[in-house]
Structure formats: structure tokens, C-alpha cells
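Peer 1: Fold the following, please.
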Amino acid sequence: MEVLGRDAVREAYRVAAAGPDGRSVGLLPETVIGRGMLNGGRGHQTAYDWIAAHAGEIETNLKALRAGRAPRPPFDRMELVEEE
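Peer 2: You can find the predicted model right below:
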């Protein structure tokens, strides 16, 4: 799993996961990470730490989106934006 950066307009982080079917890119809303964490003083580093700690769950749910299955909460707010 890879973090591609923050999309300020959509208030989300772009994340990517590679699998046997190719690469999927999705948007992980900041609300999933938690506003309290983002405003806790460390800003984006806190978000990157949270994403790293939940990388397996994020990747699993990105793959579910790609396969047309519903992701599990709270990752059901993720959006698939690109498939390669």
C-alpha cells in the first residue's frame, strides 16, 4: 500500500494498492482518520502514521471496491478513483 498524498479539495488522502488484478487508487476521507487526530498538533504526519497503522485494512477495502464489493466500515466512505 502506498500513500500518494493529500487531495485538499476533496479533504482526503490518495492511497494505492497493487494486486494481481493491477493497481487501485482510492480516496480515504480525512473523516475516516479522525479530525481530532489531524488537529492534534502534528498535522499530516499524524494522518500518515494512522494510515500506516491501518494499511492492511485500507488495502483490503480498496481491493473490495475494485471487485465491486462493499467495503467494511469505516472504510465504506472510501472512493475508488482509478484502476490501472
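Peer 1: which intervals of the chain have sub-threshold pLDDT?
Peer 2: 35-43, 83-84 (pLDDT under 70).
Peer 1: Spatially central residue in it, please.
Peer 2: Ranked by distance to the mean C-alpha position of the chain (CA atoms, centre = their mean), the top residue is Leu28 at 3.4 Å.
Peer 1: doesn't Arg10 fall inside a strand?
Peer 2: No - Arg10: not assigned to a strand; according to DSSP: H, G, I helix; E, B strand; the rest coil it is coil.
Peer 1: what residues does the helix ranked longest in the chain touch?
Peer 2: Of all the segments of type helix in the chain, defined by DSSP state H, the longest one is helix 55-66. Outside helix 55-66, the residues within contact range by CB atoms under 8 Å, 6 or more residues apart in numbering are 1, 15-17, 19, 21, 24, 26, 28, 51, 70-72, 75-76, 78-80, 83. For every residue, glycine as well, the C-beta is placed using N, CA and C.
Peer 1: how about a cut-off of 10 Å?
Peer 2: Contacts with helix 55-66, where a contact means CB atoms under 10 Å, 6 or more residues apart in numbering, come from 1-3, 13, 15-26, 28, 32, 50-52, 54, 69-81, 83.
Peer 1: ranges for the helices of the chain?
Peer 2: 30-33, 35-38, 44-53, 55-66.
Peer 1: deepest of those, which one?
Peer 2: Of all the helices of the chain, helix 55-66 carries the top mean neighbour count, a mean of 19, counting by mean count of other CB atoms under 10 Å.
Peer 1: okay, that helix in CSV with CA atoms only?
Peer 2: Provided in CSV are the C-alpha atoms of helix 55-66 (Å, rounded to 0.1, in the frame of the first residue of the first chain):
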residue,chain,number,x,y,z
ALA,A,55,-2.5,-0.2,5.8
GLY,A,56,-3.7,-3.8,5.7
GLU,A,57,-7.4,-2.8,6.3
ILE,A,58,-7.1,0.0,3.7
GLU,A,59,-5.6,-2.3,1.1
THR,A,60,-8.3,-5.0,1.7
ASN,A,61,-11.1,-2.5,1.3
LEU,A,62,-9.6,-0.9,-1.8
LYS,A,63,-9.5,-4.4,-3.3
ALA,A,64,-13.1,-4.9,-2.3
LEU,A,65,-14.1,-1.7,-4.1
ARG,A,66,-12.2,-2.8,-7.2
